[in-house]
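Undergrad: got a predicted structure plus its sequence, pasted below:
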Amino acid sequence: MFEGVEEVWMDGEFVDFEDATTHVLSHALHYGTGVFEGVRCYDTAKGSAVFRWDEHLDRFYQSAKPYDMEIPFDRDELTEATLELIRREGLDSCYIRPLAFRGHGPLGVDPRGAPVSVTVAVWPWGAYLGEEALEEGVDVAVSSWRKHASSQIPTNSKTTGAYVNSVLASLEADSNGYVEAIVLNKEGNVAEGPGENLFLVRDGELYTTGLSESILDGITRQSVIEIAEDLGYEVHDTVSISRGELYTADELFFTGTAAEVTPIRSVDDNVIGEGTKGPVTDEIQTKFFEVIEDAPEAYADWFTPV
Ligand code: PPE
């Protein structure tokens with residue numbers, strides 16, 4: 001995955017890939033006290049550009065807030081560091097992973113004595129669930145693991161430690177022969193995928209689980225809502241979706257920075273629609289890829305030129 005990656009930005013400096021290391025007594029290794037982002041840079045018709053960088057930065061700072069974690073670099077510094085790293089690596093398109101974590105200081109759960117380190121890495125990352133998945137759709141299963149409630153871990157924070165829930169759901173899906181999981185929340189309604197939000201299509205309208213359903217406020221989710229509305233679709237984005245509604249949906253798809261717009265063709269072996277990418281999903285996915293290929297005027301504020 002990281003073949004050819006030469007440098008990582010770390011606490012204000014560009015360091016060689018091999019030297020981007022941390023101490024085994026880092027607070028975050030023991031207690032998961034880190035926050036991160038996943039962003040994509042696309043090779044658009046108007047040149048390389050980072051997709052929705054401002055929104056990702058907003059979420060990065062917001063993620064740190066509940067943990068009393070001050071990120072010791074401001075927006076301009078992180079922006080400049082990231083754009084410069086992409087230029088130095090010579091990448092036209094890539095995945096960008098900013099990370100802030102509590103480093104080597106005293107242990108014990110109170111994190112405040114541990115210094116905050118910030119890193120940014122970039123590397124080429126193709127289709128998250130496989131190139132074929134974007135066309136044919138993926139077979140998914142509802143996980144036996146439930147998503148933690150936001151009263152347990154703030155789900156609108158992209159907290160590193162919280163991702164053990166995603167790890168468990170992914171492992172289970174894979175060991176049962178599925179490509180991905182759908183995780184239900186504590187109430188038993190749909191939350192999201194281990195690394196994706198979920199959309200349902202019924203009678204030509206779109207439904208996506210509301211923010212109070214224990215989901216990450218996905219930036220691809222927000223983008224797809226806007227794109228769908230621009231295409232004339234009605235989008236219901238504050239709803240609960242029950243497990244049963246998944247099985248009877250006309251279409252289902254995942255959204256995420258890594259997953260982009262990935263159709264779901266079956267859930268728990270129940271075929272969804274025609275068992276391939278549905279027409280509404282196709283229209284939205286096509287428009288999404290058009291936007292990131294062309295960076296058109298109408299969506300110009302979604303792009304930060306490298
Ligand atoms: N929910 C979760 C739990 C999640 O991790 C992601 C992103 C999303 C929804 C979609 O959010 P957004 O990327 O803003 O549209 N998952 C990131 C990490 C994936 C990974 O395996 O690592 C990503 O897609 O970058």
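TA: Structure received. Residues are numbered from 1 along each chain as shown.

Undergrad: so what's the closest residue to the ligand within the chain up against?
TA: Across the chain, the shortest distance to the ligand (CB to the nearest ligand atom) belongs to Gly38, at 2.2 Å. C-beta: built from backbone N, CA, C; applies to glycine. Contacts for Gly38 were tallied using CB atoms under 8 Å, 6 or more residues apart in numbering; they are 56, 95-97, 256-258.

Undergrad: can you check the pLDDT for it?
TA: In this model, Gly38 is scored at 98, pLDDT.

Undergrad: can you give me phi and psi for it?
TA: When read as degrees, to the nearest 10, the backbone of Gly38 gives phi -130, psi 120.

Undergrad: try Gly113
TA: With angles defined as degrees, to the nearest 10, Gly113 sits at phi -80, psi -10.

Undergrad: and the chain, which residues reach the ligand?
TA: Neighbours of the ligand within the chain, by CB under 6 Å from any ligand atom: 38, 166, 192, 195-197, 216, 218-221, 255-259.

Undergrad: residue contacts, Arg243?
TA: Per CB under 8 Å, 6+ apart, neighbours of Arg243: 142, 184, 188-190.

Undergrad: correction: Asn197
TA: So Asn197 contacts 208-209, 215-216, 218, 220-221, 254-256 (CB under 8 Å, 6+ apart).

Undergrad: go again using 10 Å as the cut-off
TA: Going by CB atoms under 10 Å, 6 or more residues apart in numbering, Asn197 touches 191, 208-209, 215-222, 224, 253-256, 259.

Undergrad: ok, Glu297 next?
TA: Neighbouring residues of Glu297 by CB under 10 Å, 6+ apart: Lys46.

Undergrad: check what pLDDT the closest residue to Phe303 other than its chain neighbours gets.
TA: Ranked by CB to CB, 6 or more residues apart in numbering and with sequence neighbours excluded, the top spatial neighbour of Phe303 is Ala49, at 3.9 Å. Looking at Ala49, its pLDDT is 98.

Undergrad: next: Gly126.
TA: 85.

Undergrad: can you check the one 10 residues further on too?
TA: At Glu136, the model reports a pLDDT of 95.

Undergrad: on that earlier part again, distance check, the residue of the chain closest to the ligand against Ser242.
TA: In this structure, Gly38 and Ser242 are 29 Å apart, going by CB to CB, to the nearest Å.

Undergrad: distance from the worst-scoring helix or strand of the chain on mean pLDDT to the middle of the chain?
TA: Across the helices and strands of the chain, the lowest-confidence element by mean pLDDT, DSSP states H and E is helix 131-136, at a mean of 93. Here helix 131-136 is found 18 Å from its chain centre; the criterion is CA atoms, centre = their mean, to the nearest Å.

Undergrad: which of the contacts of Asn197 count as buried?
TA: Using 16 or more other CB atoms under 10 Å as the burial test, those include 191, 208-209, 215-221, 224, 253-256, 259 as buried.

Undergrad: out of the residues you listed, which sit inside helices?
TA: Counting by DSSP state H, the part of these found in helices is 219-221, 224.

Undergrad: from the residues you listed, which two are the most distant?
TA: Ile219 and Val224 (9.8 Å; CB to CB).

Undergrad: shared neighbours, the two?
TA: By CB under 10 Å, 6+ apart, the residues touching both Ile219 and Val224 are 197, 255.

Undergrad: name the residue most distant from the centre of the protein?
TA: Largest separation from the mean C-alpha position in the chain: Pro106, at 31.2 Å (CA atoms, centre = their mean).

Undergrad: residues contacting the nearest residue to that one once chain neighbours are set aside?
TA: Leaving aside its sequence neighbours, Pro106 sits nearest to Gly113 (CB to CB, 6+ apart; 4.4 Å). Gly113 sits next to 27, 102, 105-107 when contact means CB under 10 Å, 6+ apart.

Undergrad: for those residues, pick the one with the most neighbours.
TA: In terms of neighbours by other CB atoms under 10 Å, the contacts of Gly113 top out with His27 at 27 neighbours.

Undergrad: helices of the stretch 101-250 of the chain, start to end?
TA: 131-136, 164-175, 219-230, 243-247 (DSSP state H, counting those that start in this stretch).
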